Each structure stands twice: as C-alpha cells, then as structure tokens.
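> Below are the sequence and a predicted model; questions follow.
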Amino acid sequence: MTAVSMAGALNRALADALAEDPTVLVFGEDVGALGGVFRVTDGLEARFGSTRVFDTPLAESGIVGTAIGMAMNGLRPVVEMQFDAFAYPAFEQITSHLAKLRNRTRGRVSLPVVIRVPYGGGIGGVEHHCDSSEAYYTHTPGLTVVTPGTPDDAYRLLRDAIASPDPVIFMEPKRRYWSKGEVTSDPIPMNRALIRRPGKDVTLIAYGPMVATALETAEAATEEGWDVEVVDLRSLAPFDDETVCASVRRTGRAVVVHEASGFGGYGAEVAARVTERCFHHLHAPVLRVTGWDIPYPPPKLEEHHLPNVDRILDAIARLQWDDEVVEVRGA
C-alpha cells in the first residue's frame, strides 16, 4: 500500500465520510476553495460542492454555535479551528453548550459534532499558532478528545469521530502533517491506547506529536541498555487505564511526555492515575517531560521548549536502576 501523509489521510477520511453520509458537512475558515491552511481539505469543495464544504467568517464562536444548531437538526458537522489558539473564542460554546446538551436533555438530544484543532509546535509558528490546549478540553465532561500520532490513526480516528453520536475534539498534531505511513482499515476502538513498541524496562507514555519522538527515544535508549515500551494514548478522554496500567505494571517505571506546559498539564492526570492504580508495582516515581511553563516562545527558541530525545533520556536516567541513579552519557 502506498504511504500517505497525515494530512492526506485526514483528507481521505473527510472525503470518505462526505461520500458515504449526506448529513456530513465540513466548514471553517478557508477550508473551501483554498483547502485549508495545511491543505487538509484540499479538493473537497470541488468534489462535493459549496453547500457541503464551505468557508465561514472569522468568528469561531459562530462556527461552533452554527454546528450545534445543525447537529440538533440531524446533521453531522465537521468544523476546523484553523489553529489551536484560534479556538479560544469558541470555548464558551464548546464547554457550556456542546459538552452539556446530552446531559441537560437527559439523553434526548445528542450532538454529533467534530471540532478539528491543529495543535502543538514544531513548525516555526508565531504566537497564537502553536498552543497545546488539550487539557482544557479533557477537563470538560461530555467531550471525547482524541489525537492521532500516525497517518493510519489519523484516518481511523477521524472516521470514528465523525460516526460518534457525541461531540469529539479532534486534536491534529500539525508538526506531523507531513509524516508518511500506510493507512489501513483495521478496526481499533477509538478509546483504546496502543503499544507502539514493546519493552520491559520502562513505559514511555506519549500522544499526538510526541509519539514519533518517543519512538526515536526508545531506539536511542538501546545504546544505554534500556528496553523502552512506548504507549500511544490516542484517546485522551476517555482514558484507557487498562492498557496503560498493564504496561506500567510490567515495567515498573513510567515517563509521561507532552508538548504542553507541565503545571496543571495533561501529564499530571496521567501520572496521578498511574500512581493510584500501579503504586505497588512502581520502582520509582512517575516522571513527566513537558514544555516549559511559559507562553509559547518565538520560533528560534521552540527547539529549547519542546521535549526532545535528550530530555526524555535524561528523565529515564533519573529513574532508579538496580537501586542506583545512573546518568546518560553526555547529558
């Protein structure tokens, strides 16, 4: 099978959903004729027409509010928030209405809305273009939050998100849009984590843009004699306790990695859940490797802000091995 980019896999998922279900609509800023800033919706307007794929005004609150109304009347809107921080004007619509309507109506009204959010850094973007806002959404009951780490998952997760009867925040790691891989149709539940690389010494827990970095770290760790298992969360909410905790119980050590700042970040929840459920299996505290607790830096400084192989290896080295703390060569 020919390898496709993550952006191409997302485009294919949208096209297949539009072709199979006439209630699916795609809209947002510049998603029509332009095909989106990252060309994820390229060619969809020409193929399906401007009544099903169309541009909107620069008003994110209005985009999501319109999607809510459409979903209440039997449609399945898929909307794009162009960049992560651009979604903040729509936050009230998302948290006060989109996430709560099923509960408010005692299940009588569901909202099958997908909100696509390109997020994270690594593209040399300026302020407001590189936020990692996942913790805001995972803290909101009523929202499913997923993020792909591979082109294959990009296709499968987006198809599942569009088919879901409830709202899904679909976080797209923009630095991985151009990564390539094969796309399959193997059924994997949307709420399940995957072990990307088996190992026996330590569990490296990552998601979205950090999955590739975690795999690179695992390969580099072999030079230190460490056998690292990599778990790709895929679904941030709900959380797959079963897969993650089974891995940590096997290895006895865990490191959580994400681009967002550390204080109050998503990794804190992961560390807490793992500690509560695996305490008697742990040989060391659960550690986190995250972005720094600062507003996203200018492009020339982002390489110092984002977690990288060296920082993750250093965290692994801080775990206790045979009752001694070891150091990474050259760290």
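Yep, it's here.

> Low-confidence ranges, this protein, go.
Applying pLDDT under 70 to the chain flags the ranges 1, 320-331.

> Backbone dihedrals for the residue nearest the centre of it, please?
By C-alpha atoms, centre = their mean, the chain has its centre lying nearest to residue 147, at 2.4 Å. In terms of degrees, to the nearest 10, the main-chain angles of residue 147 are phi -150, psi 130.

> OK, contacts around it?
By C-beta atoms under 8 Å, 6 or more residues apart in numbering, the residues touching residue 147 are 119, 134, 157, 170-173, 207-208, 233-234, 236. No exception for glycine: its C-beta is placed from N, CA and C like everyone else's.

> could you pull out the strands for this protein?
Applying DSSP state E to the chain gives strands spanning 4-5, 24-28, 53-55, 76-80, 114-119, 144-146, 168-173, 180-181, 194-197, 202-206, 228-232, 235-237, 254-261, 287-291.

> In CSV, list those along with mean neighbour count.
As requested, the strands of the chain are arranged in CSV below (neighbours: other C-beta atoms under 10 Å):
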stretch, mean neighbour count
strand 4-5, 18
strand 24-28, 23
strand 53-55, 19
strand 76-80, 26
strand 114-119, 27
strand 144-146, 24
strand 168-173, 27
strand 180-181, 18
strand 194-197, 16
strand 202-206, 27
strand 228-232, 26
strand 235-237, 23
strand 254-261, 26
strand 287-291, 22
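
> closest one to residue 152 among those strands?
strand 180-181 (5.7 Å; C-beta to C-beta).

> In JSON lines: the strands of the chain, plus distance to residue 248.
Output for the strands of the chain, formatted as JSON lines (distance: least, C-beta to C-beta, whole Å):
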{"stretch": "strand 4-5", "distance to residue 248": "33"}
{"stretch": "strand 24-28", "distance to residue 248": "39"}
{"stretch": "strand 53-55", "distance to residue 248": "43"}
{"stretch": "strand 76-80", "distance to residue 248": "35"}
{"stretch": "strand 114-119", "distance to residue 248": "26"}
{"stretch": "strand 144-146", "distance to residue 248": "21"}
{"stretch": "strand 168-173", "distance to residue 248": "24"}
{"stretch": "strand 180-181", "distance to residue 248": "27"}
{"stretch": "strand 194-197", "distance to residue 248": "12"}
{"stretch": "strand 202-206", "distance to residue 248": "5"}
{"stretch": "strand 228-232", "distance to residue 248": "9"}
{"stretch": "strand 235-237", "distance to residue 248": "17"}
{"stretch": "strand 254-261", "distance to residue 248": "5"}
{"stretch": "strand 287-291", "distance to residue 248": "12"}
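
> Helices of the stretch 151-300 of the chain, start to end?
Here the stretch 151-300 of the chain has its helices, by DSSP state H, counting those that start in this stretch, at 151-163, 210-221, 241-251, 266-278.

> Need those in a markdown table (columns: mean neighbour count and distance to residue 38).
As requested, the helices of the stretch 151-300 of the chain are exported to a markdown table (neighbours: other C-beta atoms under 10 Å; distance: least, C-beta to C-beta, whole Å):
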| stretch | mean neighbour count | distance to residue 38 |
| --- | --- | --- |
| helix 151-163 | 23 | 12 |
| helix 210-221 | 22 | 17 |
| helix 241-251 | 18 | 30 |
| helix 266-278 | 18 | 23 |
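
> Among the ones you listed, which comes closest to residue 313?
Among these, helix 210-221 sits nearest to residue 313 (C-beta to C-beta), with 6.2 Å.

> Contacts for the closest one next, please.
Contacts of helix 210-221 (C-beta under 8 Å, 6+ apart): 149-150, 176, 179, 196-197, 199, 204, 206, 227-230, 232, 257-259, 307-309, 312-313, 316.

> hang on, the earlier thing: JSON lines for the helices of the stretch 151-300 of the chain, including distance to residue 8?
Listed next are those as JSON lines, based on distance: least, C-beta to C-beta, whole Å:
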{"stretch": "helix 151-163", "distance to residue 8": "7"}
{"stretch": "helix 210-221", "distance to residue 8": "17"}
{"stretch": "helix 241-251", "distance to residue 8": "28"}
{"stretch": "helix 266-278", "distance to residue 8": "28"}
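
> Quick one, which of those helices gets closest to residue 188.
Between residue 188 and the helices of the stretch 151-300 of the chain, the tightest spacing by C-beta to C-beta is seen for helix 151-163, at 6.3 Å.

> elements contacting that closest one?
helix 6-20, strand 114-119, strand 144-146, strand 168-173, strand 180-181 (3 or more C-beta pairs under 8 Å, 6 or more residues apart in numbering; DSSP states H and E).
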